[in-house]
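K.L.:
Task: produce atomic coordinates for the following.
(one chain, ligands or ions: 1)
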Amino acid sequence: MKELYKNLIENNRKWVAEKLELDPEYFEKLAKGQKPPLLWIGCADSRVPANEITGTQPGEVFVHRNIANMVVHTDMNMLSVLDYAVNVLEVKHVIVCGHYGCGGVLAAMGNEQYGLLDNWIRNIKDVYRLHSEELNNISDDHDRAKRLVELNVEEQVYNLSKTSIIQNAWKKNQFLEIHGWVYALENGLVHDLEITVSDTSEMSAVYRI
Ligand code: CO
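P.N.:
Prediction:
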């Protein structure tokens, strides 16, 4: 167990050496500041690392991760990240990336208690209820879970567009697209759900502010 921890520091030193070999000023340049064009909202799952999946480098993606890539309107953490990304960094794209086999989504489909986490997962149960007609018609458990992962991403994209942060950016004609992706653990491929939104035209009127 101690070895595992010590290796992290050793790996860090190797990584620094590799970067410096390619570019002696690599860290000096990065330290000057960031202007990433992307905000990633993904699952905390260790198998879904934003940079590696998208072939991006440090400085290129602003990242927020939580269990099951949720956009919860009372989450100060998410709202702060979103506000900074949209209003200071002026990102061009926000990507909500879910993944098949998501533990949070699977837990939400069941009826077990997991402790504190149940209150977070409740938000995914709401997504299930919203789409229960479609979901209950899928007899295969595996397929139903996959569909809930997709619908959950769709709802989180929609939740983003409901925020005053996003709507104010659109009002100012700031270029800002919100995308929904699902990552497949089995093959590493990202699937674009093609639900991109860039204005409030398809939003229920009650959410327009
Ligand atoms: Co997950």
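
K.L.:
From the ion, how far out is the residue lying closest to Ser164 once chain neighbours are set aside?
P.N.:
Leaving out its chain neighbours, the residue that sits closest to Ser164 by CB to CB, 6 or more residues apart in numbering is Ile209, at 5.9 Å. Any C-beta I mention is one placed from the backbone N, CA and C, and that applies to glycine too. Using CB to the ion, to the nearest Å, Ile209 is found at 30 Å from the ion.

K.L.:
Gly59 now?
P.N.:
Here the criterion is CB to the ion. By it, Gly59 lies 25 Å from the ion.

K.L.:
and the protein, which of its residues are near the ion?
P.N.:
By CB under 5 Å from the ion, the part of the chain that sits against the ion consists of Cys43, Asp45, Cys102.

K.L.:
In strands, which of those residues fall?
P.N.:
Secondary structure from DSSP state E places Cys43 of these in strands.

K.L.:
CSV for the residues of the chain next to the ion, including pLDDT and neighbour count?
P.N.:
Below are those laid out as CSV (pLDDT from 0 to 100; neighbours: other CB atoms under 10 Å):
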residue, pLDDT, neighbour count
Cys43, 98, 23
Asp45, 98, 19
Cys102, 98, 26
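
K.L.:
so the residue nearest to Ser164 sits right up against Ile166, yeah?
P.N.:
No - counting by CB atoms under 8 Å, Ile209 does not reach Ile166; the two are 10.4 Å apart.

K.L.:
between these two, who's got more neighbours?
P.N.:
Taking neighbours as other CB atoms under 10 Å, Ile209 and Ile166 compare with Ile166 leading, 21 against 10.

K.L.:
For that one, I want the exact helix or strand it lies within.
P.N.:
Secondary structure from DSSP states H and E places Ile166 in helix 164-171.

K.L.:
Quick one: mean pLDDT over that helix.
P.N.:
The average pLDDT within helix 164-171 is 98.
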